[in-house]
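> Build me a structure from this.
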Amino acid sequence: MLFLFSAAPLHATDEAPRHGLIWNKTGLPAVFPLQVRSNAGTDYHMVLTDADTGTPALAGYIEGGQFFKVLVPPGLYTVRFATGHIWRGEQQLFGADETRMINVPSPLRFGVVGLSTKAGHVLDIREPDTGVLVQDSFDCRRIRLTKGPRPLPAYDPDAARVAEIKPEQDLIEYPYRSGPLRGADRQDTPPIATDYAPYFSRPEYEVRRSPC
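Modelled structure (predicted):
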């Protein structure tokens, strides 16, 4: 009689996380850029920790050599990388004897600079023996006028009844523009000084984001 036996692996490992964000425990919106440049042939587990409380805030997994960019919540964080070849879970990382740690020497701040510029960082960990290279990264938002105000017909006291001029009609909001609705019971002041001045459509804008 033939018996078949299956042998368990000597070192069971967990399936490695997918390249990118693993978790964000802050409960805050992640909007500030963090880019990491790494070496091919080894993987990295990244953890950001709140610099004031020591609480883990965000974690990511990097397949070495691939482009990696993640958005980070606002705050001041210490950054640590664990690197190795065989993933064994978030407790053991790449194994007690195989895990190598890389620490960013100073905490990094992520937040808004000025009125609307998002400040983040680029980390180069390809030469850990000579230290982590830290560069600032800025994401600027620029508002551009795409369509200027356009003149519309002036107020007409004999115009047909209009219940309301809605914003999506591209007009300045004034629900009692037509004559019949502007009676003695209406004490509203027109948005333009005289009834016979022209009304104008709303200007249209777009927001563009780009590195700066």
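> so what strands line up beside the host helix or strand of Val70?
Val70 belongs to strand 68-72 when elements are defined using DSSP states H and E. According to DSSP bridges, strand 68-72 has the following sheet partners: strand 32-37 (antiparallel).
> which helices and strands does the helix or strand following the strand it pairs with pack with?
Next helix or strand after strand 32-37 toward the C-terminus (DSSP H and E): strand 43-50. Identification of packing neighbours for strand 43-50 by 3 or more Cβ pairs under 8 Å, 6 or more residues apart in numbering; DSSP states H and E yields strand 56-63, strand 75-84. The C-beta positions use only the backbone N, C-alpha and C, and glycine is treated the same way.
> Which residues does the longest one contact?
Okay, so that is strand 75-84. 26, 28, 42-52, 57-58, 64, 93-95, 98-104, 107-111, 123, 125 (Cβ atoms under 8 Å, 6 or more residues apart in numbering).
> Pairing partners for that strand, with directions?
Strand pairing (DSSP bridges) places strand 75-84 next to strand 43-50 (antiparallel), strand 100-103 (antiparallel), strand 108-113 (antiparallel).
> Just the buried positions in the last one, please.
By neighbour count with 16 or more other Cβ atoms under 10 Å, strand 108-113 contains the buried residues Leu108, Arg109, Phe110.
> returning to that earlier point: ok and the strand holding Val70 relative to strand 56-63, angle-wise?
Angle of strand 68-72 versus strand 56-63, following axes from the mean of the first three to the mean of the last three Cα atoms, to 10 degrees, is 170 degrees.
> that older thread, pull out the buried residues from the contacts of strand 75-84.
Judged by 16+ other Cβ under 10 Å, buried ones among the contacts of strand 75-84: 26, 43-51, 57-58, 64, 93-94, 99, 102, 104, 108-110, 123, 125.
> So which bits of stretch 74-84 are buried?
Neighbour counts using 16+ other Cβ under 10 Å place Pro74, Gly75, Tyr77, Thr78, Val79, Phe81, Ala82, Thr83, Gly84 of stretch 74-84 among the buried residues.
> who does the strand ranked longest in the chain pair up with?
In the chain, with assignment by DSSP state E, the single longest strand is strand 133-147. Strand 133-147 pairs in its sheet with strand 117-124 (antiparallel), strand 204-211 (antiparallel), by DSSP bridges.
> list the buried ones in the first one?
Residues of strand 117-124 classed as buried by neighbour count (16+ other Cβ under 10 Å): Lys118, Ala119, Gly120, His121, Leu123.
> tally of neighbours for the closest residue to Ala30 other than its chain neighbours?
With Cβ to Cβ, 6 or more residues apart in numbering as the criterion, Ala30 has its nearest non-adjacent residue at 4.0 Å, and that residue is Leu71. When neighbours are defined as other Cβ atoms under 10 Å, Leu71 has 17 of them.
> Who does Leu71 form a beta bridge with?
Beta-bridge partners, per DSSP bridges, of Leu71: Pro33.
> Is the residue nearest to Arg37 when sequence neighbours are not counted bridged to anything, and to what?
Take Arg37 and drop its neighbours on the chain: the residue closest to it by Cβ to Cβ, 6+ apart is Asp124, 4.5 Å away. Beta-bridge partners for Asp124, by DSSP bridges, are Arg37, Leu133.
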